[in-house]
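Asker: Need coordinates for the below:
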Amino acid sequence: MKRLILLVLCGFMFHKAAGTGYPFPAGSGAVGMGNTSVSRTDLWSVVNNISGLANLESSACGIYYANYFGIQALNKYNAAIAIPYKQLWTGINISRYGDGNYNESFLGLGLAHKIRNVSLGIKADLFQLQISEEKTIHKLLFSFGGQAELSKELSFGAYIHNISQTKIRKDLEERLPTVMKLGILWKPSSKIQLSVETEKEIRYSMNLKAGMEYAPVKGFRIWTGINSFPSRVFFGAGIRKYNFEIAYATGTMSAAGSTHHLTLNYYFR
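Answerer: Below you'll find the model as predicted:
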């Protein structure tokens, strides 16, 4: 039991240090903008804020890989697909973080729908925690999100991950993280997007985040962003040609080192 508690606590410590421990953030674009993902719209909304899927223009699928501080045990893998049926969007994602000794996996299914200028989404995740020499744990948790287009230039987003406050095990007081995110996305021009977001995990200090996207030419985007807790700086770039998009982002934290994020998306058009 002591071994289980210690390893679980280590997993959540890495979550605060590196962003691991649960599915989001996902997608190099969101990471490059300082993890300001709650008011963004792209394929990886299936992970970051399910309601954003309702604003997609076409079906899409993609894969995402993240490496934290060059440590193989902290690698994160994610795959996602988003498909519409009439006015209802369905998103599916699967993610894995860790190695053979300690790993966390998520299998998520979400639905999103847009009514005029408001998008709403709900998602269920099957969480699996596997620790060597311990019994594998499975838990079901639920999340809810929304986005509102206040104008052509201004959008608002909100998301609650694990609104059910699911416990890891009945005999443990430790719960899976419950995270609340609020953010605003401003588009002052066709080439620039600015985002500001707050993130609060109920047991930790608030994280203030800001990011910027600049698209100097069609099909090419540059990102940068910052976080307050822990203090981090992010950069990234993405290229989209025909139906394919490839993007890379990196984040730096002085106490630990750098993180690397690679995304490959395909759009069905």
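
Asker: which residues touch Leu56?
Answerer: Thr41, Asp42, Leu43, Ser45, Ala82, Pro84, Trp89 (Cβ atoms under 8 Å, 6 or more residues apart in numbering). All C-beta spots, glycine's among them, are computed from the backbone N, C-alpha and C.

Asker: ok, now Ala247?
Answerer: Gly27, Ser28, Gly29, Gly32, Arg221, Gly236, Ala237, Gly238, Ile239, Leu262, Thr263, Asn265.

Asker: before we move on, what about Gly251?
Answerer: Gly19, Val31, Arg232, Val233, Phe234, Ser258, Thr259, His261 are the contacts of Gly251 under Cβ under 8 Å, 6+ apart.

Asker: ok, so of those, who is nearest Leu194?
Answerer: Phe234 (14.3 Å; Cβ to Cβ).

Asker: That closest one against Met212, yeah?
Answerer: No: when contacts are counted by Cβ atoms under 8 Å, Phe234 is not listed as touching Met212 (10.3 Å).

Asker: Mutual contacts of the two, please.
Answerer: With Cβ under 8 Å, 6+ apart as the test, Phe234 and Met212 both reach Met33, Trp223, Thr224, Gly225.

Asker: Who has more neighbours out of Phe234 and Met212?
Answerer: Phe234 (25 against 17; other Cβ atoms under 10 Å).

Asker: circling back: between the shared contacts of Phe234 and Met212, which has the most around it?
Answerer: Of the shared contacts of Phe234 and Met212, with other Cβ under 10 Å as the count, Met33 tops at 31 neighbours.

Asker: how much space is there between it and Ala148?
Answerer: Distance of Met33 to Ala148, given as Cβ to Cβ, to the nearest Å: 19 Å.

Asker: Mind listing residues that contact the helix or strand containing Asn265?
Answerer: Asn265 is part of strand 257-267 when elements are defined by DSSP states H and E. Outside strand 257-267, the residues that touch it by Cβ under 8 Å, 6+ apart are 18-19, 27-29, 31-32, 42-44, 58-70, 236, 238, 243-253.

Asker: try 7 Å this time
Answerer: Residues from elsewhere that reach strand 257-267 (Cβ atoms under 7 Å, 6 or more residues apart in numbering): 18, 27-28, 31, 43, 58, 60-70, 243-252.

Asker: do stretch 40-55 as well
Answerer: 23-27, 29-30, 37-38, 56, 60, 62, 64, 78, 80, 82, 89, 91, 93, 108, 110, 112-114, 119-123, 143, 145-147, 157, 159, 185, 265.

Asker: Could you list which of these belong to helices?
Answerer: Gly29, Ala30 (DSSP state H).

Asker: how about low-confidence regions in the chain?
Answerer: 1-24, 171-173, 254-256 (pLDDT under 70).

Asker: and the nearest residue to Gly32 once chain neighbours are set aside, what helix or strand is that in?
Answerer: In space, Gly32 comes closest to Gly236 once its chain neighbours are excluded; the distance is 2.5 Å by Cβ to Cβ, 6 or more residues apart in numbering. Applying DSSP H and E as the criterion places Gly236 in strand 231-241.

Asker: what about that strand, distance to the chain center?
Answerer: Chain-centre distance of strand 231-241: 14 Å, with Cα atoms, centre = their mean, to the nearest Å.

Asker: buried stuff in that strand?
Answerer: Arg232, Phe234, Phe235, Gly236, Ala237, Gly238, Arg240 (16 or more other Cβ atoms under 10 Å).

Asker: Could you work out the most separated pair of those residues?
Answerer: Once Cβ to Cβ is applied, the buried residues of strand 231-241 give Arg232 and Arg240 as the farthest pair, at 25.9 Å.

Asker: all strands for the stretch 151-269 of the chain, in order.
Answerer: For the stretch 151-269 of the chain, strands defined by DSSP state E, counting those that start in this stretch occupy the ranges 154-161, 179-186, 192-201, 207-217, 220-228, 231-241, 244-253, 257-267.

Asker: what sits against the closest residue to Leu185 other than its chain neighbours?
Answerer: Distances taken as Cβ to Cβ, 6+ apart put Ser39 closest to Leu185, at 3.9 Å, once the chain neighbours are dropped. Ser39 is in contact with Gln147, Ser155, Phe156, Gly157, Gly183, Ile184, Leu185, Ser195, counting by Cβ under 7 Å, 6+ apart.

Asker: Cool, thanks, talk later.
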